[in-house]
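S.K.: structure, please.
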Amino acid sequence: QVQLVESGGGLVQAGDSLRLSCAASGRTFSSYIMGWFHQAPGKEREFVAATDWRGVRTYYADAVKGRFTISRDNAKNMVYLQMNSLKPEDTAVYYCAANLRGLLTSASNYGYWGQGTQVTVSS
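M.R.: Here you go, the predicted structure:
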């Protein structure tokens, strides 16, 4: 089992950067593919990025490619999401999650979730 706690959200202006962190507990953390999702009010939870257990392969939603970077440090049980050139449409609660099976872009395939951290981007 894995417990996840996100941090690093906040209120920024368009064009600014933020780095989200996700602290994981549990001895099996390094064996999981890890992902970031976001959810805006009234919308479905959407895939943002994922990384394999080694942090070598990364996957991104089209909307964030070239702006966001996912990384992990298994020695510290941490996952990060560096967000650059933020846009108002990036405003959402951001969650990190551990993938249990299958398609990386589907929230239903993730079994462990953090409580989320709010990111608000003003124009």
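S.K.: let me know the pLDDT of the closest residue to V5 other than its chain neighbours.
M.R.: Here the nearest residue to V5 in space, its sequence neighbours aside, is A23; by Cβ to Cβ, 6 or more residues apart in numbering that works out to 4.8 Å. Any C-beta I mention is one placed from the backbone N, CA and C, and that applies to glycine too. pLDDT for A23: 97.
S.K.: mind listing the strands for this protein?
M.R.: Taking DSSP state E, the strands of the chain run over residues 3-7, 10-13, 18-25, 33-39, 46-51, 58-60, 68-73, 78-83, 92-99, 110-113, 117-122.
S.K.: follow-up on the earlier one: any idea how many residues pack against the residue nearest to V5?
M.R.: If you count neighbours by other Cβ atoms under 10 Å, A23 ends up with 16.
S.K.: same question for A107.
M.R.: A107: 17 neighbours (other Cβ under 10 Å).
S.K.: centroid-nearest residue for this structure?
M.R.: The centre of the chain sits closest to W36, judged by Cα atoms, centre = their mean, with a distance of 2.2 Å.
S.K.: so what pairs up with that residue in the strands?
M.R.: When bridges are called by DSSP bridges, W36 pairs up with A49, C96.
S.K.: next up, the contacts around it.
M.R.: 20, 22, 48-50, 70, 79, 81, 94-97 (Cβ atoms under 8 Å, 6 or more residues apart in numbering).
S.K.: report the buried residues of the helix or strand bottoming out on mean pLDDT in the chain.
M.R.: When the helices and strands of the chain are scored by mean pLDDT, DSSP states H and E, strand 110-113 comes last with a mean of 93. Using 16 or more other Cβ atoms under 10 Å as the test for burial, strand 110-113 gives 110, 112-113.
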